[in-house]
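1. Could you work out the structure for the sequence below:
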Amino acid sequence: TVSVLNWALIAAEIFASTMGPSPEAVVVGQKVAGVAANQEKWAKLNDKAKLAYLMDMQRTLGGMVEEWGQACISARGYKDAPEQHGGAFMLGPGMTGWALRQLIVVYKCLVDTGAPPRATKERIVNGQKVMTVHPLSMVDKMMFGFDVELWLEPGRAATQGECRRRTGVCAVLSAGNYEAPIDVFTKMFVESKVCVYARHENLAVSNRFVEPLFKALIRDGYFEVVQPGVPSANELVLHPKVDEVLMTGGAATYDRIVWGSAEAKAARTKRVCKPVEAELGAVSPYVLVPSDDWTDKDVTHHAGAVVGWKLLNSSAICASPQVMITSQYWPKRHAFISAVAAKLEAAPAIPVFYKGTKERADQARAAYKALEANGVTVMDVASAAERGDEFIKPVFIHGLTEKHLDSFSITNEAFAPVLIEISVDAKDPKTFLEKAKAAMNSSCFGSLSCTVMLPPQVEAALGGATVDAWLQELEWGTVGVNQWGGQGVPITTGVWGAFPKHVPEDIQSGIGILSNYLMFDHPQKQVLRGSFSDIAHPKGAADLSMSGMLKQFSHYTGTPSCWNFTKLLYAAVKAAL
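-> Predicted coordinates for the structure are as follows:
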C-alpha cells in the first residue's frame with residue numbers, strides 16, 4: 001500500500017521531470033561544474049601561489065572590516081544593543097582576520113621550509129602524544145593568553161601533512177550563527193579541495209561578504225557561492241560531482257540532510273551516501289571544582305565569567321555553557337548560585353536572532369516547573385518588556401541533583417539563554433572530578449566542548465599526573481581548563497570538532513574537525529590551559545568596553561598595523577579595568 005504522502009511525492013517528482021530542472025538546479029550545476037573542472041589544478045597548485053591568495057584576502061578584508069561588522073550587527077538585530085556590537089564584529093571579520101593571519105604564518109613556513117610549523121612543545125601522557133600548538137609567537141600570546149595542547153590519537157606519531165592529500169569537491173553549508181568562513185579555509189588550505197559555499201539564510205545580510213573576500217578564488221574557478229535557501233543547498237548536496245559535504249548546525253538538520261526522514265533513519269536508508277562531515281552542538285558542561293580555596297573574590301569573578309560566555313551572541317553558540325556541575329558540599333555553592341543570578345539579573349535583555357530561541361527556552365522552563373516543589377528553582381530572570389518582544393532574558397534553573405542527570409536540559413541542547421546547575425554527591429575534589437567525568441561522558445548530550453574551573457591549589461594537591469589522567473579520559477573535542485572551551489574556535493592551530501565517537505545513526509556533536517592549521521595527521525582533541533583568575537575573563541554580560549575591545553581586535557586582524565595594535569592594546573586595558 002502506498003500512502004497519500006508517498007503518492008504526492010511521486011506526483012511531484014513526475015511533474016518536476018516534465019518541467020525540467022529548477023532555476024536553483026541550473027545555477028548550482030553550473031557552479032559545481034566550474035570548480036570541479038579545476039579540482040586537480042588546485043590540488044597541484046604550489047604553496048607560493050596559495051599564499052598569494054591568502055594575502056590578497058587579508059588585504060581585501062582590511063578594507064571592509066567596518067562595513068562587514070556593521071552588517072553582522074544588523075543581521076542580529078543588535079542596533080539597539082550596543083554592548084553586543086563587538087561580539088558581532090568578532091564572529092565575522094574578527095575571526096576571519098585571525099584565521100587568515102594564522103594561515104599566512106603556516107603558508108610562509110611551507111614556502112620557506114616545505115613543511116608546516118612544528119609544535120613548540122611535545123610530551124607524552126600515558127602513551128598519548130600531546131603537542132603544544134598555541135602560542136607560536138608573542139603576538140599569539142598577547143591576543144589569546146592561554147596555552148593550547150593538541151592531544152593525538154593514542155599510539156599515533158606526530159606526523160603532519162597527510163591531510164593535504166585530500167582532494168575533490170566539497171559542498172560547504174555555512175553556519176547560521178557566525179559569518180567567518182573558517183570551514184572553507186580548512187577544506188581549501190589545510191586539505192586541498194575546491195569548494196562551493198551555500199550561504200545560510202539566517203545571516204544573509206552579513207555572510208554576503210564572503211564573495212568579495214574570495215573574489216580571486218572565484219575568478220580563477222576554485223571557489224563558488226550559491227545563494228541562501230534550502231532549494232540551493234539541497235541541489236548542492238545532491239549534485240553528483242560533489243564528493244563531500246561539510247555542514248555546521250544541529251543534529252536535527254544533519255538528520256534531514258543525511259536521512260531525510262525518521263522512517264528512513266530507522267530503516268538505515270540514507271538520502272545522501274557521500275561523506276558528510278558535521279560541526280554540531282552539545283549540552284556544554286561547565287565544571288566548578290570545589291575546595292576551601294575559593295574566595296569571595298573568586299566567586300564573583302567566575303560568576304561573571306560564566307554569565308559573559310553564556311550570553312555571547314544571544315546564546316546562539318554551539319559551545320555556550322549550559323550545565324554547571326557543582327558539589328553539594330562546596331562551601332561556596334550557594335554564594336556562587338546567588339552571584340550568577342545577580343549577574344544575570346543585571347544583564348540587559350538580549351536580542352533574539354536565531355529561529356526557535358524563545359521556544360527552546362520555553363521548553364526548558366516547562367520541563368522543570370513540576371520540580372519546584374522538590375527544591376529545584378526555575379528562575380525567569382526579569383522581563384524583556386523594556387526592549388520589546390524581540391528580546392529575551394535568560395532562564396536559570398538550579399538545585400538539580402544526580403537523579404536529574406537524564407533530565408531535559410542534560411539531553412537537549414538549548415541553543416538559547418538557558419543555564420542550569422546540577423550538584424553531585426562528592427566531598428573531595430578527586431571524587432568530584434570522577435563523578436563529573438562520568439556525567440560529562442555518559443549523560444550530557446554531545447562531545448563538542450566543556451569547561452573546567454580548577455583552582456591552582458587543587459591542581460597542585462592532586463598533582464599534574466592525576467589531572468592529566470583525568471583529562472585524558474574526557475571524551476570531549478575541546479576541554480578548557482580555567483578557560484571557556486568555546487575559546488578553542490579562534491585558535492586555528494588547534495582543532496575544533498566533536499570527540500571522535502559519534503556515528504551517523506546517533507550524530508550528536510558531529511563527525512570531523514575544523515582548523516588544524518599545523519596539519520597534524522591524527523588529532524583527537526585539544527585542551528586549553530589558562531589562569532584561574534585571568535583578567536581577560538568576562539565580568540558578566542557584555543558591556544561597552546568589552547564590545548569596543550572586540551571591535552578593535554577585528555580591525556587589527558583585518559589590518560595588522562602598529563597603529564591598530566596600539567588601539568587594541570588601549571581597548572584591552574580599558575576592558576580589563
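2. Using CSV, list the CA coordinates for stretch 138-158.
-> C-alpha atoms of stretch 138-158 as CSV (Å, rounded to 0.1, in the frame of the first residue of the first chain):
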residue,chain,number,x,y,z
MET,A,138,54.4,36.6,21.2
VAL,A,139,51.5,38.1,19.2
ASP,A,140,49.6,34.8,19.7
LYS,A,141,50.2,35.0,23.4
MET,A,142,49.1,38.6,23.6
MET,A,143,45.9,38.0,21.7
PHE,A,144,44.9,34.8,23.4
GLY,A,145,46.8,34.4,26.6
PHE,A,146,46.5,30.7,27.3
ASP,A,147,48.2,27.5,26.0
VAL,A,148,46.6,25.0,23.7
GLU,A,149,47.6,21.4,23.6
LEU,A,150,46.7,19.1,20.8
TRP,A,151,46.2,15.5,22.0
LEU,A,152,46.9,13.0,19.3
GLU,A,153,45.1,9.7,18.9
PRO,A,154,46.7,7.2,21.4
GLY,A,155,49.7,5.4,19.9
ARG,A,156,49.9,7.7,16.9
ALA,A,157,53.1,9.5,15.8
ALA,A,158,53.2,13.3,15.5
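3. in that stretch, what's buried?
-> For stretch 138-158, the neighbour count (16 or more other C-beta atoms under 10 Å) marks 140, 143-144, 146-152, 158 as buried. In this view, the C-beta of every residue, glycine as well, is placed from N, C-alpha and C.
4. same deal with stretch 464-471?
-> Here stretch 464-471 shows 467-468, 470-471 as buried, counting by 16+ other C-beta under 10 Å.
5. What pLDDT does the model give Ala25?
-> For Ala25, the model assigns a pLDDT of 89.
6. my guess is it is in a helix, correct?
-> Yes: checked against DSSP: H, G, I helix; E, B strand; the rest coil, Ala25 lies within a helix.
7. what separates the residue lying closest to it once chain neighbours are set aside from Gly229, distance-wise?
-> Nearest residue to Ala25, sequence neighbours excluded (C-beta to C-beta, 6 or more residues apart in numbering): Glu235, at 4.8 Å. Using C-beta to C-beta, to the nearest Å, Glu235 is found at 10 Å from Gly229.
8. out of these two, which sits in the busier spot?
-> Taking neighbours as other C-beta atoms under 10 Å, Glu235 and Gly229 compare with Glu235 leading, 24 against 14.
9. For that one, give me its contacts.
-> Glu235 sits next to 22, 24-25, 28-29, 226 when contact means C-beta atoms under 8 Å, 6 or more residues apart in numbering.
10. Restrict those to the buried ones and give me that as a PyMOL selection.
-> The buried subset of the contacts of Glu235, as determined by 16+ other C-beta under 10 Å, is captured in PyMOL by this line:
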select buried, resi 24+25+28+29+226
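11. nearest to Ile420, of the contacts of Glu235?
-> Ranked by distance to Ile420 (C-beta to C-beta), those are led by Val226 at 38.8 Å.
12. ok, and the closest residue to that closest one other than its chain neighbours, which helix or strand is that part of?
-> In this structure, Val226 finds its nearest non-sequential neighbour in Ser232, 4.4 Å apart by C-beta to C-beta, 6+ apart. Using DSSP states H and E, Ser232 sits in helix 230-238.
13. Residues contacting the next helix or strand after that helix, please?
-> Using DSSP H and E, the helix or strand that directly follows helix 230-238 along the chain is strand 244-248. With contacts defined as C-beta under 8 Å, 6+ apart, strand 244-248 is touched by 168-176, 183, 186-187, 193, 237, 253-254, 257, 272, 274-280, 512.
14. Apply the buried test to those and list what passes.
-> The buried subset of the contacts of strand 244-248 (16+ other C-beta under 10 Å) comprises 168-176, 183, 186-187, 193, 237, 253-254, 257, 274, 276-280, 512.
15. about what we covered before: same list (the contacts of Glu235) but as a markdown table, adding distance to Met324.
-> Formatted as a markdown table, those follow (distance: C-beta to C-beta, whole Å):
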| residue | distance to Met324 |
| --- | --- |
| Ser22 | 48 |
| Glu24 | 44 |
| Ala25 | 48 |
| Val28 | 44 |
| Gly29 | 49 |
| Val226 | 41 |
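16. Tell me where the model's unsure across this structure.
-> Where the chain drops to pLDDT under 70, the residues are 1-20, 381-389.
17. buried set for the longest helix belonging to it?
-> Ranked by residue count under DSSP state H, the longest helix found in the chain is helix 95-113. Neighbour-count burial for helix 95-113 flags 95-110 (criterion: 16+ other C-beta under 10 Å).
18. hmm, back to that, check the buried residues of stretch 464-471 and tell me the two furthest apart.
-> Asp468 and Trp470, at 7.3 Å, using C-beta to C-beta across those.
19. Which strands and helices lie in contact with the host helix or strand of Phe553?
-> Using DSSP H and E, Phe553 maps to helix 544-558. Judged by 3 or more C-beta pairs under 8 Å, 6 or more residues apart in numbering; DSSP states H and E, helix 544-558 is in contact with helix 47-62, helix 65-75, helix 85-89, helix 95-113, helix 562-576.
20. Pull the shortest one out as PDB, backbone CA atoms only.
-> These are the backbone C-alpha positions of helix 85-89, laid out as PDB (Å, rounded to 0.1, in the frame of the first residue of the first chain):
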ATOM      1  CA  HIS A  85      28.300  45.100  18.700                       C
ATOM      2  CA  GLY A  86      31.800  43.900  19.400                       C
ATOM      3  CA  GLY A  87      30.800  40.300  19.600                       C
ATOM      4  CA  ALA A  88      29.100  40.600  16.200                       C
ATOM      5  CA  PHE A  89      32.300  42.100  14.700                       C
END
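21. Residues contacting it, please?
-> Under C-beta under 8 Å, 6+ apart, the answer for helix 85-89 is 65, 69, 72-73, 75-76, 78, 312-313, 542, 546-551, 553-554.
22. Identify each buried residue in stretch 505-518, please.
-> Buried, per 16+ other C-beta under 10 Å, within stretch 505-518: 507-518.
23. now stretch 126-133
-> Within stretch 126-133, the residues scored as buried using 16+ other C-beta under 10 Å are 128-133.
24. wait, which of the residues you listed is closest to Asn202?
-> Nearest to Asn202 among the buried residues of stretch 126-133, counting by C-beta to C-beta, is Val133 at 31.7 Å.
25. Name the nearest residue to the closest one, sequence neighbours excluded.
-> Going by C-beta to C-beta, 6+ apart, Val133 has Thr493 as its nearest residue, at 4.4 Å.
26. So the one you found sits against Ser515, correct?
-> Yes: the criterion here is C-beta atoms under 8 Å, and Thr493 meets it with Ser515 at 7.3 Å.
27. For the helix holding Phe553, buried residues please.
-> For helix 544-558, the neighbour count (16+ other C-beta under 10 Å) marks 545-558 as buried.
28. Now it - C-alpha only, CSV.
-> Provided in CSV are the C-alpha atoms of helix 544-558 (Å, rounded to 0.1, in the frame of the first residue of the first chain):
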residue,chain,number,x,y,z
LEU,A,544,30.6,48.8,26.1
SER,A,545,34.3,48.5,27.0
MET,A,546,34.3,44.8,26.1
SER,A,547,32.4,45.5,22.9
GLY,A,548,34.9,48.2,22.0
MET,A,549,37.8,45.8,22.6
LEU,A,550,36.3,43.1,20.4
LYS,A,551,35.6,45.6,17.6
GLN,A,552,39.2,46.9,17.7
PHE,A,553,40.5,43.3,17.7
SER,A,554,38.6,42.9,14.4
HIS,A,555,40.1,46.0,12.9
TYR,A,556,43.6,44.8,14.0
THR,A,557,43.2,41.3,12.4
GLY,A,558,41.9,43.0,9.2
